[in-house]
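Visitor: 3D model of this:
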Amino acid sequence: VHVFDYYNPKSGKVESGGRKNIAMWMLDTDYDGRSVYPRQVFFPMAGEKDGWARLAKNLKAEIDQELIEQYRGTVSLPFEKGKRGRVAVKIVDDRGIESLRIVEVP
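Guide: Residues are numbered from 1 along each chain as shown. Prediction:
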């Protein structure tokens, strides 16, 4: 994820946000056209003690620290193409505004 667009109801225009504005984003690697089923969830704005790291601490679970770092980024983990050939990327920015993009995977 590099940038995203959203409708700003105050200005009545479509505006763009960048990586620094992404609070959370999720990836559905086999989008069915109706519901986003997140198979990967990322928290780019999360600090070292937030997001997945905080969840792991609260659940007292053992977590792979390398994976925690990857889930704080804007690059997905490798995945196989789903049977439907569509990927959905849902972004929530730092103001809570959601954006959704559907990508056909050849």
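Visitor: Looking at strand pairing, list the partners for the residue nearest to residue 33 when sequence neighbours are not counted.
Guide: Nearest non-adjacent residue to residue 33, counting by C-beta to C-beta, 6 or more residues apart in numbering: residue 86, 7.1 Å away. Just so you know, the C-beta spots here come from the backbone N, C-alpha and C atoms, and that holds for glycine as well. With DSSP bridges as the criterion, residue 86 is bridged to residue 104.
Visitor: Surely residue 86 touches residue 106?
Guide: No: using C-beta atoms under 8 Å, residue 86 is not in contact with residue 106, being 11.0 Å away.
Visitor: The two: which is more packed in?
Guide: Higher neighbour count among residue 86 and residue 106: residue 86, with 17 against 4, using other C-beta atoms under 10 Å.
Visitor: so who does the more buried one touch?
Guide: 30-33, 102-105 (C-beta atoms under 8 Å, 6 or more residues apart in numbering).
Visitor: What ranges does the protein have for its strands?
Guide: Under the criterion DSSP state E, strands of the chain are mapped to 3-8, 13-18, 22-28, 40-42, 86-93, 98-104.
Visitor: For residue 71, find the nearest of those strands.
Guide: strand 40-42 (5.2 Å; C-beta to C-beta).
Visitor: Quick check: closest non-adjacent residue to residue 101.
Guide: Nearest non-adjacent residue to residue 101 (C-beta to C-beta, 6+ apart): residue 89, at 4.9 Å.
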